[in-house]
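J.: My questions are about this predicted structure, shown below with the sequence.
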Amino acid sequence: MPWEKGKTLKDGAYTIESVLGQGRFAITYLASDRMGERVAIKTLNPDSSVLGQMSAPDRQAFGSKFYDEALKLEKCKHSHIVPVREVFEESMRAWLTQVRYACIVMDYIDGFDLEHRRSPRLPSAEVLHYGRQIGSALIAVHAQKILHRDVKPGNIIVRSQGGKSEAILIDFGLARAFAHPLTQHITTSGFAPIELYSNKFERGPWTDVYGLAATLYELLTGKPPEDALARHDKDLKVDLTPPRCYVPQISKRVNQAIVQGLAVMPGDRTPSIPKFLRQLGVGQWYVPFPDWDVNIWVQVGTMIGTLLAATAAIIALFK
């Protein structure tokens with residue numbers, strides 16, 4: 001059963017206050033440290049029916065994998081990733097025996113998640129602002145050779161920092177790093193790429209590109225994109241509706257970047273977060289150009305050519 005209020009961990013270093021949330025595998029608590037500062041502590045849920053269906057060796061291997069992934073996450077130091085303070089193991093009673101599971105101690109982020117945003121549709125500039133921040137966080141994650149696997153609005157917390165809104169990436173899908181049929185079940189339709197439904201497809205940075213593209217899609221349109229598994233099934237004849245069909249004000253550039261980021265097959269998808277950000281127009285080395293019609297570009301080119309010719313003529317007069 002979940003730890004009750006007042007339960008202490010790591011020889012009194014942390015005291016449980018309440019349950020913040022729980023999923024199929026893990027549970028997250030609100031706790032306080034010895035200084036009274038609030039933290040969030042995530043660990044495997046001893047009451048998980050899914051873990052209860054595993055054999056004892058599989059549960060042990062699952063716990064070890066969860067611990068290894070947590071240690072990697074601890075190394076991801078980035079302003080838009082929830083900071084991991086430490087990882088330790090704590091003994092708990094589960095399935096009529098004592099087990100030791102990793103506890104991930106993180107900063108408690110005071111804010112709201114984007115699933116509960118103020119409006120179904122957010123302005124494009126705001127969405128791209130969050131996209132750039134979360135994208136930069138994912139680049140740091142991928143540098144540690146781990147994947148988030150569960151990028152979606154509910155796993156992005158927005159807080160006010162210095163009068164500005166900052167997006168913080170939380171709740172990594174560490175359980176899906178364990179190759180077991182019971183850990184691969186998808187609970188959030190629309191945000192998971194095809195490779196999270198099946199081990200037949202390789203996973204990589206493009207896996208998180210899909211989750212980020214799906215997140216931006218919903219923040220812009222107020223709707224999740226059509227599910228990847230449904231689009232992969234030719235009998236269902238389900239296609240992706242481009243975001244511009246819902247919001248014509250979205251630029252062609254952003255629309256195309258999101259559509260490519262949501263390609264069903266990994267080989268057709270944008271392969272990395274840096275490239276995805278550049279396609280969106282928010283990459284580090286991107287120089288923005290107006291999203292003009294080709295005729296306007298021709299007119300601008302003609303004007304520049306005329307100006308250059310006039311400048312050359314004036315210089316010639318003074319030679």
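T.: Thanks, I have it. Numbers count the residues shown, from 1 in each chain.

J.: May I have stretch 240-256 as CSV, with CA atoms only?
T.: These are the backbone C-alpha positions of stretch 240-256, laid out as CSV (Å, rounded to 0.1, in the frame of the first residue of the first chain):
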residue,chain,number,x,y,z
LEU,A,240,-3.2,12.7,-40.0
THR,A,241,-5.1,16.0,-40.2
PRO,A,242,-2.5,18.8,-40.7
PRO,A,243,-2.7,21.4,-37.9
ARG,A,244,-3.4,24.2,-40.4
CYS,A,245,-6.7,22.5,-41.2
TYR,A,246,-7.8,23.5,-37.7
VAL,A,247,-5.9,26.7,-37.3
PRO,A,248,-5.1,28.4,-40.7
GLN,A,249,-3.0,31.0,-39.0
ILE,A,250,-0.3,28.5,-38.3
SER,A,251,2.6,29.1,-40.7
LYS,A,252,3.4,26.7,-43.5
ARG,A,253,6.8,26.1,-42.0
VAL,A,254,5.5,25.1,-38.6
ASN,A,255,2.7,23.0,-40.1
GLN,A,256,5.2,21.1,-42.2
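
J.: ok, and what's touching that stretch?
T.: With contact meaning C-beta atoms under 8 Å, 6 or more residues apart in numbering, stretch 240-256 is reached by 121, 124, 128, 217, 220-223, 225-226, 231, 258-259, 262, 279-281, 291. Heads up, the C-betas are built off the backbone N, CA and C, glycines and all.

J.: neighbours of Phe112, just the number please.
T.: Phe112 is flanked by 13 other residues according to other C-beta atoms under 10 Å.

J.: Go ahead and confirm it touches Ile157.
T.: Yes - applying C-beta atoms under 8 Å, one finds Phe112 in contact with Ile157, separated by 7.0 Å.

J.: which residue ranges form the helices in the stretch 101-250 of the chain?
T.: 124-143, 205-221, 228-232 (DSSP state H, counting those that start in this stretch).

J.: Of those helices, which is nearest Glu90?
T.: Among the helices of the stretch 101-250 of the chain, the nearest to Glu90 by C-beta to C-beta is helix 124-143 (25.1 Å).

J.: what packs against that closest one?
T.: strand 156-161, strand 164-169, helix 205-221, helix 273-280 (3 or more C-beta pairs under 8 Å, 6 or more residues apart in numbering; DSSP states H and E).

J.: Can you tell me which of the ones you listed is most buried?
T.: helix 205-221 (a mean of 26; mean count of other C-beta atoms under 10 Å).

J.: Centre-most residue in the chain?
T.: Per C-alpha atoms, centre = their mean, the C-alpha nearest to the average position across the chain is that of Val151, at 2.8 Å.

J.: Distance check, the residue nearest to that one when sequence neighbours are not counted against Arg34.
T.: Spatial nearest neighbour of Val151, chain neighbours left out: Gly211 (3.0 Å); criterion: C-beta to C-beta, 6 or more residues apart in numbering. As judged by C-beta to C-beta, to the nearest Å, Gly211 and Arg34 stand 37 Å apart.

J.: neighbours of Lys199, just the number please.
T.: For the record, residue 199 is Asn, not Lys. Applying other C-beta under 10 Å, we find 11 residues neighbouring Asn199.

J.: same deal with the one 3 residues further on?
T.: Taking other C-beta under 10 Å as the neighbour definition, Glu202 ends up with a count of 10.

J.: what residues are up against it?
T.: Going by C-beta under 8 Å, 6+ apart, Glu202 touches 195, 266.

J.: mind showing which ranges of the stretch 151-300 of the chain have poor pLDDT?
T.: 173-187, 284-298 (pLDDT under 70).

J.: Would you confirm that Thr188 contacts Val151?
T.: No - look at Thr188 against Val151 with C-beta under 8 Å: they stay out of range, at 10.1 Å.

J.: quick one on the thing from earlier: as JSON lines, the helices and strands packed on helix 124-143 with distance to Glu74 would be great.
T.: Formatted as JSON lines, the helices and strands packed on helix 124-143 follow (distance: least, C-beta to C-beta, whole Å):
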{"stretch": "strand 156-161", "distance to Glu74": "19"}
{"stretch": "strand 164-169", "distance to Glu74": "15"}
{"stretch": "helix 205-221", "distance to Glu74": "19"}
{"stretch": "helix 273-280", "distance to Glu74": "21"}
